[in-house]
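Engineer: What shape does this take:
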Amino acid sequence: MRDRALVLTLASLAIWIGWELLRGPHHAYGDFSNGHYTDHFSHLNAARLLPRVGLDIWRKPLTQLLRPLTHEERARLPADVKAAAYPAGEAYFVPGWPADKPMIASWSFNPRFYPPGDALLFAPVALLYHFTQLSFAGANLLALLLLLVYAHVSLYFALRATEEEPLRLFRLLIVYFPLVHWTLEGFYDAAVLAPLILCAQQLGRGRGIMAILAFCCAAAMHFRAFFFAPWACAALVLVLRERQWRSWGARDWAMAVAAGALAIAALVPFALLQPALRALGTSNVIALSVVPALRPQTLAFTAVAVLAAAFLWRAGAILELMLLAWVMLMLFSLHQAEQWHSLVLLAWLCAPIFGHWRHAPGRDVVPMALQVRLWFVLCVAAMVFHESPLPTWIARLF
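Structural biologist: Here you go, the predicted structure:
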């Protein structure tokens, strides 16, 4: 079964890399929408900037850290860089950088809303772009190919995690299509699924410290991993309740130290970003910060969540219920809600059902919990993030 999962993953990766390399002329951004999405080159440029500005990347926007390019500097840019710097800005001068490779990023009027793990993910492309003759368009293409690799690592974890489980094929299709689509648009969110799925697997096997390490790895990559904080808390409870540290060896203590370092790497930037996050405008239709807060969308989503909670309570899936409550709280608190933000929740569809967290150990909760997960995640995607469960984007391939 492991070999079949690997073969399917490699076949899918080869198909999408081949398509990306062989498709016809496209925008310098390289994204599937031909010039609409900018996250991938914002990330690789932020990876170049992070060593220079340090913690200020989470304290100050680019508009305060750097000066914009002058009209003359813009005029001398290569054509593919001009495509991103046109017409007026989000292009900035950095002393010592190549003149034809300035700092270009979207949302430059805000600090960077990503933990340092995103810089690590984009570091290979950032280094090649900065120190070689690789063009801006070439760097964008290479970044997208790298993102496809990351996404397919997560796909492999999803295939392995759902072996011989009910609704497997339907769940995998629900995961697969948005995973590929938003990766082709230049978003790295799919990469976070692998450590989150690993966290759930290790928690299900009772390996607390490995689950904590996997979660901290995900959190250091993307703040949206915080949706699954109850898994990390459950893993910590498991470690404390069973006093697992008594049997730890050097490897386990090394994992504990690594988890602590990754937690700091996630929590320090998140704390520094709080003023900017609170000042963000609101596009989330169910956010309680919206006035009036009790809008029809908020009430409809609350009804869906309460019904899901009732089924989970009846099934005795306590940890599922705790995660549902936390996800609801997070969704009500979010200021921004975009279609690709729903990607991280797909990790829930690939996680095991945690039998040792039931209040009724003799009851078979797997089918019920899986159905509730699937139904709830689809409702969140549609009602909160406006993401269609149908892969209508495939028509644009042709």
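Engineer: what about the residue nearest to Asp56 when sequence neighbours are not counted, neighbour count?
Structural biologist: Leaving aside its sequence neighbours, Asp56 sits nearest to Leu65 (C-beta to C-beta, 6 or more residues apart in numbering; 6.1 Å). Placement of C-beta: from N, CA and C, glycine included. Using other C-beta atoms under 10 Å, Leu65 is surrounded by 18 other residues.
Engineer: Pretty sure Leu65 sits against Val53.
Structural biologist: Yes - assessed by C-beta atoms under 8 Å, Leu65 is found in contact with Val53 at 5.6 Å.
Engineer: Residues touching stretch 262-273, excluding its own?
Structural biologist: 55, 58-59, 111, 113-117, 213, 216-217, 219-220, 223, 225 (C-beta atoms under 8 Å, 6 or more residues apart in numbering).
Engineer: what ranges do the helices span in the stretch 51-200 of the chain?
Structural biologist: Ranges of helices in the stretch 51-200 of the chain, per DSSP state H, counting those that start in this stretch, are 56-59, 62-65, 71-75, 79-85, 117-131, 136-161, 168-184, 193-204.
Engineer: Then the stretch 201-350 of the chain?
Structural biologist: Going by DSSP H, counting those that start in this stretch, the stretch 201-350 of the chain shows helices at 208-221, 229-241, 250-272, 274-278, 296-315, 318-333, 346-349.
Engineer: Could you list the buried residues of the fourth one?
Structural biologist: It refers to helix 274-278. Residues of helix 274-278 classed as buried: 276-277 (neighbour count, 16 or more other C-beta atoms under 10 Å).
Engineer: where's it relative to the chain centroid, distance-wise?
Structural biologist: The chain centre lies 19 Å from the centre of helix 274-278; the measure is C-alpha atoms, centre = their mean, to the nearest Å.
Engineer: same thing with the first one?
Structural biologist: Averaging C-alpha positions (C-alpha atoms, centre = their mean) puts helix 208-221 14 Å from its chain's average.
Engineer: Just want the angle from it to helix 250-272.
Structural biologist: On the basis of axes from the mean of the first three to the mean of the last three C-alpha atoms, to 10 degrees, helix 208-221 is oriented at 30 degrees to helix 250-272.
Engineer: now, which of the contacts of stretch 262-273 sits nearest Asn140?
Structural biologist: Comparing the contacts of stretch 262-273 against Asn140 with C-beta to C-beta places Tyr114 closest, at 17.9 Å.
Engineer: wait, that closest one sits on Ala47?
Structural biologist: No - assessed by C-beta under 8 Å, Tyr114 is found out of contact with Ala47, at 10.1 Å.
Engineer: Could you measure from Leu277 over to Ser247?
Structural biologist: According to C-beta to C-beta, to the nearest Å, Leu277 stands 40 Å off from Ser247.
Engineer: for Pro296, same thing?
Structural biologist: 53 Å.
Engineer: next one: Leu121
Structural biologist: From Leu121 over to Ser247 the distance is 34 Å, taken as C-beta to C-beta.
Engineer: circling back: nearest to Ala28 among the contacts of stretch 262-273?
Structural biologist: Out of these, the member with the shortest distance to Ala28 (by C-beta to C-beta) is Tyr114, at 22.7 Å.
Engineer: Contacts only, for the closest one.
Structural biologist: Tyr114 makes contacts with 43, 46, 222-223, 269, as judged by C-beta under 8 Å, 6+ apart.
Engineer: Format those residues as TSV; extra columns: pLDDT and distance to Arg251.
Structural biologist: Output for the contacts of Tyr114, formatted as TSV (pLDDT from 0 to 100; distance: C-beta to C-beta, whole Å):
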residue	pLDDT	distance to Arg251
His43	97	32
Ala46	96	33
His222	97	26
Phe223	97	28
Pro269	97	28
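Engineer: Just put those residues in a markdown table and tack on neighbour count and distance to Ser342.
Structural biologist: Shown next, in a markdown table, are the contacts of Tyr114 (neighbours: other C-beta atoms under 10 Å; distance: C-beta to C-beta, whole Å):
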| residue | neighbour count | distance to Ser342 |
| --- | --- | --- |
| His43 | 23 | 19 |
| Ala46 | 21 | 23 |
| His222 | 24 | 13 |
| Phe223 | 22 | 15 |
| Pro269 | 22 | 23 |
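Engineer: out of these, who's nearest Tyr188?
Structural biologist: His43 (6.7 Å).
Engineer: Provide the secondary structure category for the closest one.
Structural biologist: His43 falls in the helix class when you classify it by DSSP: H, G, I helix; E, B strand; the rest coil.
Engineer: So which helix or strand of the chain has the lowest pLDDT on average?
Structural biologist: None of the helices or strands of the chain scores lower by mean pLDDT, DSSP states H and E than helix 79-85, at a mean of 84.
Engineer: mind checking how far it is from the chain centre?
Structural biologist: The answer for helix 79-85 is 27 Å, by C-alpha atoms, centre = their mean.
Engineer: Can you name every helix or strand that it contacts?
Structural biologist: Judged by 3 or more C-beta pairs under 8 Å, 6 or more residues apart in numbering; DSSP states H and E, helix 79-85 is in contact with strand 91-93, strand 103-104, helix 136-161.
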